[in-house]
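Chemist: have a look; sequence and predicted model below, questions after that.
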Amino acid sequence: MKCKKMTVDEILAQLKEGTSEENKAQLKSLYSPIVNAMNDILDEIVKGAADKEDLAKIDELKSAVAEINGEKGLKSDITKLFEQVKEVNSVIADLKKQGVKQELISKFDEQLNAMFDSESFELFKTGKKTKTGSFDISAMKSAEYPVNMTSNYTGSILISQQQKRVIDPFASGKTHLREVLATEQGDPQFPTLTYNQISALNRNARFVTENGLLPESAFSVKEVTTGTKRLGTTIFVSKRMLKSRVWVRSYLLNRIPVCIAMAEDWNILFGDGQGENLEGIVNNENVKSIESIIADAVVTGTAGSVASVATYNGGADTIITFAAAQPEVRSGQSIVFTGAAEHSPLLTAKTLVKMNDTQILLPGVAYQSETAANLAFTVKNQFYQNIEDPNSEDVIRTAFAVMNYGEYNPTCIVLNPSDVNTIQGEKDTTGRSLNLVTVVNGRKFIAGYLIIESTQIPVGKYFLGDTVNGASLVDYTNLSVEWADDVDSKRRNCVALIAQEEVILALYNPFAFAYGDLASLKTAITKPAAQEEPETHTTTTVVYEQVDATGQNPASKGYYKKVNGEFVAATETSPADNTTYYTRTETVTEVTTE
């Protein structure tokens with residue numbers, strides 16, 4: 001922000017004619033330190049570096065002026081300087097309260113002053129023209145990281161990929177998706193953007209003999225084209241307000257960036273690509289959730305998908321050759337086969353080592369002859385259900401691990417502020433905070449990864465990816481404003497402020513992004529509780545039934561009789577008088593308790 005400074009020579013130039021040079025020199029020596037000190041304070045205020053001590057000096061200098069004996073006109077000019085400094089400090093303080101950063105004030109103020117001071121605006125304001133023409137005010141949308149990652153970054157926090165740019169033109173908590181993605185300047189000669197994308201890949205490199213035939217690799221490329229989309233709004237402004245430069249500047253600073261950024265936000269994420277909507281990142285078919293990536297099979301193959309099963313390392317290991325390239329397969333994943341011989345080790349999940357896109361090594365799996373044509377397979381990630389009782393740090397760390405496992409470099413995770421607050425409130429079983437979120441240089445991190453808080457992400461959801469290389473927002477036409485006056489606006493005694501831009505959303509690598517549900521991801525990585533072995537015990541039930549023992553041998557029949565209320569085995573060989581005999585049946589039951 002440029003401010004007109006007052007100099008001592010300008011003040012002394014207003015002295016009455018006839019003032020002696022000696023008197024002028026004396027006044028100059030008195031006023032110079034005061035004026036210079038005030039201009040220094042003014043510089044500090046404009047740079048946003050003024051502190052309470054600087055502002056306290058204003059009153060001290062004002063007192064010093066009052067003690068100087070001199071003409072009233074000179075003191076009046078000095079008083080104007082005091083008022084100018086206070087006014088500038090007040091204006092900047094108000095803008096900061098509204099969330100406008102100091103560097104943005106300076107950049108935008110220069111562009112606004114150029115617009116207001118232009119000949120076309122003066123002609124429009126006086127009614128001699130009905131349009132002003134377009135003015136570029138892109139400075140409203142350009143700022144840099146509050147912490148410069150090159151000169152201001154210290155420590156060992158692990159960020160996948162550092163960049164100087166964390167665009168933050170508004171107050172903390174008002175982050176927009178434009179500030180997360182990489183931004184580029186478009187070429188006005190080309191309204192569409194075309195880039196190449198790998199659609200198929202076979203990296204088939206192997207060790208061969210000196211004169212052996214090298215294997216063949218291949219790849220396929222498809223051309224992807226995305227077009228320019230126009231975004232803008234019209235605001236009607238009272239002609240009375242138009243004459244107030246301060247009001248118009250404030251309105252532009254606080255309204256237009258928000259209007260445009262809000263429309264950009266939901267379209268960057270959730271645009272359906274229909275009509276004039278962007279094709280949002282989330283709606284791309286190749287942008288999946290982490291929970292689906294780890295729960296679903298990475299790749300499957302039906303019978304006939306395996307070309308051969310071969311011995312390796314003297315039969316201690318096994319090499320599997322696929323009939324077609326499997327570029328999605330990664331070392332460390334698990335593979336299980338069906339259709340193998342009975343008791344084959346291939347029937348249980350094994351960890352694989354990738355040799356190339358068509359071959360894998362199964363270390364420690366002893367070779368066994370198999371009919372390759374009968375084999376079908378399923379490859380899965382090792383992240384599924386592998387953490388006991390995970391907390392939010394485990395959830396987010398796993399999300400980054402899965403993306404890194406896919407050889408992508410996610411730069412940050414975007415979460416709703418409500419979810420960040422919930423994570424910060426997590427406690428252990430004793431009620432102590434887990435301190436899962438750390439703050440470094442004003443930025444929040446979890447598990448060493450940068451968190452971007454944005455209300456554009458629904459509560460309970462997450463969005464992460466390589467925001468530097470995976471996609472970019474191309475400014476084909478920078479945000480600009482134009483004043484226009486027509487019959488409709490004249491009837492309302494207003495003028496129309498038209499703000500618009502044209503952008504291209506280029507999603508270079510959709511596989512480098514993920515969007516999903518935090519609760520579902522936590523469920524996917526939670527290891528099931530170990531089930532206790534059931535306990536088994538037996539119960540014995542004895543039943544006595546009365547029997548007619550006439551003509552029987554009670555002892556040989558195994559009859560029982562009651563003696564003093566207890567059943568005892570009969571020993572007599574013939575039934576005794578007045579004695580009742582019983583048979584005894586014993587049943588043993590096995591009972592299992594969970």
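Modeler: Good, I have the coordinates.

Chemist: name the element the spatially closest residue to residue 233 that is not a sequence neighbour belongs to?
Modeler: Nearest-residue entry for residue 233: residue 259, 4.9 Å, with adjacent residues in sequence omitted and distances by C-beta to C-beta, 6 or more residues apart in numbering. For the C-beta atoms, the positions are set from N, CA and C on the backbone; glycine is no exception. Assigned by DSSP states H and E, residue 259 belongs to helix 245-270.

Chemist: list the helices and strands whatever helix or strand comes next after that helix packs on?
Modeler: Using DSSP H and E, the next helix or strand after helix 245-270 towards the C-terminus is helix 290-295. Helix 290-295 is packed against helix 392-405, strand 513-517, helix 518-525, with contacts defined by 3 or more C-beta pairs under 8 Å, 6 or more residues apart in numbering; DSSP states H and E.

Chemist: can you put those in CSV and add mean pLDDT and distance to residue 372?
Modeler: Converted to CSV, the helices and strands packed on helix 290-295 look like this (pLDDT from 0 to 100; distance: least, C-beta to C-beta, whole Å):
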stretch, mean pLDDT, distance to residue 372
helix 392-405, 92, 28
strand 513-517, 95, 35
helix 518-525, 95, 33
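
Chemist: out of the ones you listed, nearest to residue 181?
Modeler: With C-beta to C-beta as the measure, strand 513-517 is the member of these nearest residue 181 (10.5 Å).

Chemist: what are the C-alpha coordinates of the closest one, in PDB please?
Modeler: Extracted in PDB, the C-alpha atoms of strand 513-517 (Å, rounded to 0.1, in the frame of the first residue of the first chain):
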ATOM      1  CA  PHE A 513      -6.200 -39.000  -5.200                       C
ATOM      2  CA  ALA A 514      -8.600 -40.700  -2.700                       C
ATOM      3  CA  TYR A 515     -11.900 -39.700  -1.200                       C
ATOM      4  CA  GLY A 516     -13.800 -41.700   1.400                       C
ATOM      5  CA  ASP A 517     -15.300 -42.100   4.800                       C
END
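
Chemist: what's the angle between it and helix 518-525?
Modeler: Strand 513-517 runs at 100 degrees relative to helix 518-525, counting by axes from the mean of the first three to the mean of the last three C-alpha atoms, to 10 degrees.

Chemist: which neighbouring elements make contact with strand 513-517?
Modeler: Against strand 513-517 (3+ C-beta pairs under 8 Å, 6+ apart) you get helix 290-295, helix 392-405, strand 461-465.

Chemist: 10 Å instead, please
Modeler: Using 3 or more C-beta pairs under 10 Å, 6 or more residues apart in numbering; DSSP states H and E, the elements in contact with strand 513-517 are helix 290-295, helix 392-405, strand 461-465, helix 518-525.

Chemist: report the buried residues of the helix or strand following the longest one.
Modeler: Yep, that's helix 392-405 we're talking about. Next helix or strand after helix 392-405 toward the C-terminus (DSSP H and E): strand 412-415. Residues of strand 412-415 classed as buried by neighbour count (16 or more other C-beta atoms under 10 Å): 412, 413, 414, 415.

Chemist: following strand 412-415, which helix or strand shows up next?
Modeler: Following strand 412-415 in sequence, per DSSP H and E, is helix 417-424.
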